[in-house]
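Enquirer: Sequence first, then the predicted structure, then my questions.
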Amino acid sequence: MNWKRAWIAAAAAAPVIGLFAWGLTRDPNNIPSPLPGRQAPPFALAVFSPGQAGLARPVGDTVRLADLKGKVVVLNFWASWCLACRDEHASLSQVAATYEGQPVQFLGVLYNDVPDKGLGWISEMGGQSYPSVDDPGARVAIDYGLYGVPETFFLDATGRVAFKNTGPVTPGMVRLKVDSLIAAAQASAPAAAPAAPSGDTAVPATKGGKAQ
Amino acid sequence: MTRLIASNAIVVALAVTALGALLAPIAVRRGRRDWLNLVYAAVYTNFVLVTISTLALVWGLVSHDFSISYVAQVGSRATPTFYTIISLWGALEGSIVFWAWVLGMYAAAVVWFNRKREGNLVPYAAATILVVAVFFHILLLGPANPFQAVFPVPFDGPGPNPLLQNHILMGVHPPLLYLGYVGFTVPFAFAMGAMFSGEVASDEWIRLTRRWTLTAWGFQSAAIIAGMWWSYEVLGWGGYWAWDPVENASFIPWLTATAFLHSVMVQERRGMLKLWNLNLMVGTFVLTILGTFLTRSGIISSVHAFTQGTIGYYFLGFIALVLVVTLVMVAGNSDKLGSEGRLDAPFSRETAFLLNNLFFTVFMFTVLIGTLFPLVAEAARGIKVSVGTPFFNRMSIPLMVALLFLMGVGPALPWRKGAGPEVKAKLLPGVVLGVVAGVLVLVAGARNIYAVLAFVFAGFALGVNVEEFVRGANARVKAHGEGWLTALSRLVAGNRRRYGGYVAHIGIVLVALGVTASSTFKTEQEATLKPGESLTVSGHTVRFKNAWGREEKQRQVIGATMEVMDGARVVGVIEPRMNYYPTSSSPVPTPQVRSMLSGDLYLNLMAFKQDGSNVTVKVIWEPLVPWIWFGGFVVCFGAIIGVWPGRERAPRAAAVPAAATPRTEGQS
Amino acid sequence: MTTLHATWRSALSLAAACVIAGHAAGAQAPDLPAAPRNAPQDSGALRVQVQGTLTDAQKNDATLESATKSVASQLRCPVCQGLSIQDSPSELSQQMRTVVKEQLASGKSQQQVKDYFISKYGEWILLEPQAHGFNVLVYALPALLVIGGAIFIVVIVKKWTAAAPATSGSAASSDDDAD
């Protein structure tokens, strides 16, 4: 029994096992998106579900990303056939309503679905506080690198993608992100934010584009 | 009650196998034959216990005993009985039970047939199998436990995954696969046994396990073909192989096993390549465990990824153990496995086998590297990359073409000598057939160099292998005056291994022809049709008659009746459909296939209008695809011939290289 | 196993339980002029045969179609497991194919179209790693193995044939009777 050779050979197993051990800590199904940090792809989509009360927009209205500059945008892609979207819907709708009057725009984007079915789903789920637009042909979805629903994008006030969440969101996380983006917007360009409380005009604009 | 029987049987099985594994080396050391009999008894007892457990689980499924967690997971009162029974292997936990059962069966069988053998080989081999069994029993009591109690007991369950209830091949492919995968444990155990007992220089472990290895290989081949057939008929994209990690996991060990089956012939005849062959056999087993680890641990995303959770860590531990032990033992024994390499001529069969080894091994590494690369790249760069069909096709097609060539040239080359006039005569029919095939495919329009070469070499290999039968039978007719068919059957019976191998080659040729033709000449078209309208693809016309719906116990079915036209005459009916299961928010499209000698007419229902006024169908013409499945049968037939017991000729003397013994031919 | 993110399951859903507006654009070749709708439409084969009589617009179409196919075969379907958007029947794949076709028709090169998708999905969207930097390994290793192995065999065969004492050729004349 040649032990010297034996142990050298055994040592060869170590990097392989190490690789697999590391691999077990990763999720192979989670694809990191290249979008965060870059300008969000523009879109112009028509409203099919108006939303409620102060957040409402008329049906048929066109929502353009360019018009939303200066506001924090929460873009939530969903579909009526999506089971996981049910998990997040109620809380997302509630959280959105609490930001009424603030420079935040919550927007639902229908993915690979029919607006009528979307409306049916919304009423079944007890209403949606923010408006939803239709994305025929999934053009905008592809532009945002969607690979399933639900996915939620958080855009800062300058129109850059700050964060992408895959899967259902939690209310806590939404609040955290939105609040930090609002704060960043106020810190960097207080005069520009329309409904924001007045802030320090002297703060230099070094913190633009929230990380993460 | 059923649950308790099933789960306690595994508990006892774990104890029995663990004790047996521990006792075996002690029994050998002390030379206690009676303790050894206890070890063997442990193997038999294990088989009885896992059989009880498996039957109990099946009974639980069939009787809808939802107090058992596995039944609650995959069972449903609406599912037809056939699919209920085969849901035994439809999800992780049940599949591990099945694995343990097949392992128990192989262990009991191989020990039984070798129980009277002297020496330390069998005891150590038994110990090795018992250790493997211990691992799977631990899984069954730990992360993959199908026998957990469910309370309160639900009235009904969700049923198996809809994809797994759509086709009867689901009852064929997994058992074949397990009989293959698990079957490789036997030669592995004997290889380890040979090393543990210090008897590795003798070929005994190879001789004893020849039929077992060939059997496992036969099952594995059948399983791969059946898997291809299943995905072709069920998944709807008209393809049969996507280089998915789970497909690769079954293919990789098949490659080394095939290489092994060929390479051992060199060891038997010339005493060479011993270390290489040991590596191939041990490697095959390690690769089966690796493949299982990759697909069950969730480490690589795959259509088949059963699960996440802790089972990955258990497999990682086992694979670490197996890797280290095998590396240590093989490297440690490598000194004893040298042989004087000697070749008489460069262009002999030995060289062909060397090249054979090279191509199969590189092929295996290529598929393995490609499968693992996303993981490696992420570790190195932090970015996810994909390695899919374009990569695997690009890298493996040249190797496959080269192997086709070898399959033609190999049988014609003699041992030891180089090519002479006799060889040229043997090659001639192959060359003719190859040229004919090449011309045919060029006329048919193929322009891809590899497609043309594949056809040429397939024709070549077919010619050479068939010629072997013709020649042999003719010689017998001449020598014994037998009828030609009698001569043929006696020829085969006289050397089952060899002619079984040639039959398998012919099967592979058929598979290769089917794969090449369908890749090169496939055409498809999608259209929305109103009733009475038709669609033509490559000269085959189908006409939409009507759409219909029906209610079945476990699902709703929407289908379209499509008539196959020959001019104005209806020559057949194909009904692609969509199956709606209550547990799934989306339908499972179920394509239908009409097979002919020249190919398959493959129809998939893509969309339909609720009032039946139109449907959208995709029609694919897949040339020669049925040859793939038929070729698979031929390969299995070849394996059966090779395994079939007959008058066993003593192996040719290429024994332990005793110093300077002049080799004399004619020892048999 | 809960589907927190409805990815590949939706691949099975053609979302076609009823007519979806804008179904599967780009799937059918434009009709030949004035061909009645209920005449047998012999598509693929016919298109090849009558190549010579196609108008320029339709010729472009055939090149465009094959370019689309070529690019689509290299892009991974995001909601399937390992299928290309050319092969996958899922709705997202069909939509991505349309995007590919439109971009190609507008004059973009195949590489530019691929770059667009990479900018949206990351390198993962390509079914074959681009041969830059670290990725070269996955191509180079098998190639090196083949070449290295072949050289090794040549060397070994030379060595082993040189080592052979001249065993009698006649004894080996009966070619393999066993195996």
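Expert: Structure received.
Enquirer: tell me, how many neighbours does residue B:394 end up with?
Expert: 13 (other CB atoms under 10 Å in any protein chain shown). Placement of C-beta: from N, CA and C, glycine included.
Enquirer: what's the helix or strand hosting residue A:172 packed up against?
Expert: Assigned by DSSP states H and E, residue A:172 belongs to helix A:171-188. Contacts defined by 3 or more CB pairs under 8 Å, 6 or more residues apart in numbering or on different chains; DSSP states H and E place helix A:171-188 against strand A:72-78, helix A:83-98, strand A:151-155, strand A:161-166.
Enquirer: angle of the longest one against strand A:151-155?
Expert: What that stands for is helix A:83-98. Calculated by axes from the mean of the first three to the mean of the last three CA atoms, to 10 degrees, helix A:83-98 forms an angle of 30 degrees with strand A:151-155.
Enquirer: and helix A:83-98 with helix A:171-188, angle?
Expert: Going by the same axes, to 10 degrees, helix A:83-98 makes 50 degrees with helix A:171-188.
Enquirer: swap in the first one?
Expert: With the same axes, to 10 degrees defining the directions, strand A:72-78 sits at 150 degrees from helix A:171-188.
Enquirer: can the helices and strands packed on helix A:171-188 go into TSV with extra columns for distance to residue B:625 and mean pLDDT?
Expert: Shown next, in TSV, are the helices and strands packed on helix A:171-188 (distance: least, CB to CB, whole Å; pLDDT from 0 to 100):
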stretch	distance to residue B:625	mean pLDDT
strand A:72-78	39	95
helix A:83-98	36	91
strand A:151-155	38	95
strand A:161-166	38	94
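Enquirer: Between the ones you listed, which one is closest to residue B:566.
Expert: The closest of the helices and strands packed on helix A:171-188 to residue B:566 is helix A:83-98. By CB to CB, the value is 46.1 Å.
Enquirer: Alpha carbons only: can I get the helix holding residue A:172 in CSV?
Expert: Output in CSV follows, covering the C-alpha atoms of helix A:171-188 (Å, rounded to 0.1, in the frame of the first residue of the first chain):
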residue,chain,number,x,y,z
PRO,A,171,-44.2,45.4,4.0
GLY,A,172,-41.2,46.0,6.1
MET,A,173,-38.9,45.7,3.3
VAL,A,174,-40.9,48.0,1.1
ARG,A,175,-41.1,50.7,3.7
LEU,A,176,-37.4,50.4,4.3
LYS,A,177,-36.5,50.8,0.7
VAL,A,178,-39.0,53.5,-0.1
ASP,A,179,-38.1,55.6,3.0
SER,A,180,-34.4,55.4,2.3
LEU,A,181,-34.9,56.4,-1.3
ILE,A,182,-37.1,59.3,-0.3
ALA,A,183,-34.5,60.4,2.2
ALA,A,184,-31.8,60.2,-0.4
ALA,A,185,-33.9,62.2,-2.8
GLN,A,186,-34.4,64.9,-0.2
ALA,A,187,-30.8,65.0,0.8
SER,A,188,-29.5,65.4,-2.7
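Enquirer: same question for it, mean pLDDT?
Expert: The average pLDDT within helix A:171-188 is 91.
Enquirer: how far away is the residue most central in space within chain A from residue B:459?
Expert: By CA atoms, centre = their mean, the mean C-alpha position of chain A lies nearest to residue A:153, the distance being 1.7 Å. For residue A:153, the distance to residue B:459 (CB to CB, to the nearest Å) stands at 57 Å.
Enquirer: Quick one: the helices and strands packed on helix A:171-188 as a markdown table, columns for distance to chain B too.
Expert: A markdown table is the format used below for the helices and strands packed on helix A:171-188 (distance: least, CB to the nearest CB, whole Å):
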| stretch | distance to chain B |
| --- | --- |
| strand A:72-78 | 14 |
| helix A:83-98 | 6 |
| strand A:151-155 | 16 |
| strand A:161-166 | 13 |
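Enquirer: Relative to residue B:510, which of those is closest?
Expert: Of those, nearest to residue B:510 by CB to CB is helix A:83-98, at 44.5 Å.
Enquirer: So for that closest one, what gets flagged as buried?
Expert: By neighbour count on 16 or more other CB atoms under 10 Å in any protein chain shown, the buried set for helix A:83-98 is A:83-85, A:87-89, A:92-93, A:95-97.
Enquirer: List just the nearest of those to residue A:105.
Expert: Nearest member of those to residue A:105, counting by CB to CB, is residue A:96, at 9.4 Å.
Enquirer: The nearest residue to the residue nearest to the centre of chain A once chain neighbours are set aside: what's it in contact with?
Expert: Of all residues not flanking residue A:153 in the chain, residue A:75 sits nearest, at 4.2 Å (CB to CB, 6 or more residues apart in numbering or on different chains). Applying CB atoms under 8 Å, 6 or more residues apart in numbering or on different chains, we find residue A:75 in contact with A:40, A:107, A:109, A:144, A:152-155.
Enquirer: Got a quick ChimeraX command for the buried subset of the residues you listed?
Expert: Those of the contacts of residue A:75 that count as buried under 16+ other CB under 10 Å are selected in ChimeraX with:
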select /A:40,107,109,144,152,153,154,155
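Enquirer: Now do residue C:30, the pLDDT please.
Expert: On the pLDDT scale, residue C:30 gets 21.
Enquirer: Bridged to the residue nearest to the centre of chain A, which residues?
Expert: Using DSSP bridges, the bridge partners assigned to residue A:153 are residue A:75, residue A:164.
Enquirer: looking at it, it is touching residue A:35, isn't it?
Expert: Yes: counting by CB atoms under 8 Å, residue A:153 does reach residue A:35; the two are 7.4 Å apart.
Enquirer: Find the residues that touch each one of these two.
Expert: Joint contacts of residue A:153 and residue A:35 (CB under 8 Å, 6+ apart) are A:144, A:161, A:164.
Enquirer: for the helices and strands packed on helix A:171-188, which one sits closest to residue B:28?
Expert: That would be strand A:161-166 among the helices and strands packed on helix A:171-188, by CB to CB, at 56.2 Å.
Enquirer: and the angle from that closest one to helix A:83-98?
Expert: Taking the same axes, to 10 degrees, one finds strand A:161-166 and helix A:83-98 inclined to each other by 140 degrees.
Enquirer: near chain C, anything from the lengthiest helix in chain A?
Expert: Determined from DSSP state H, the single longest helix within chain A is helix A:3-24. No: taking CB under 8 Å from any CB of the partner chain as the criterion, helix A:3-24 and chain C are apart, separated by no less than 13.9 Å.
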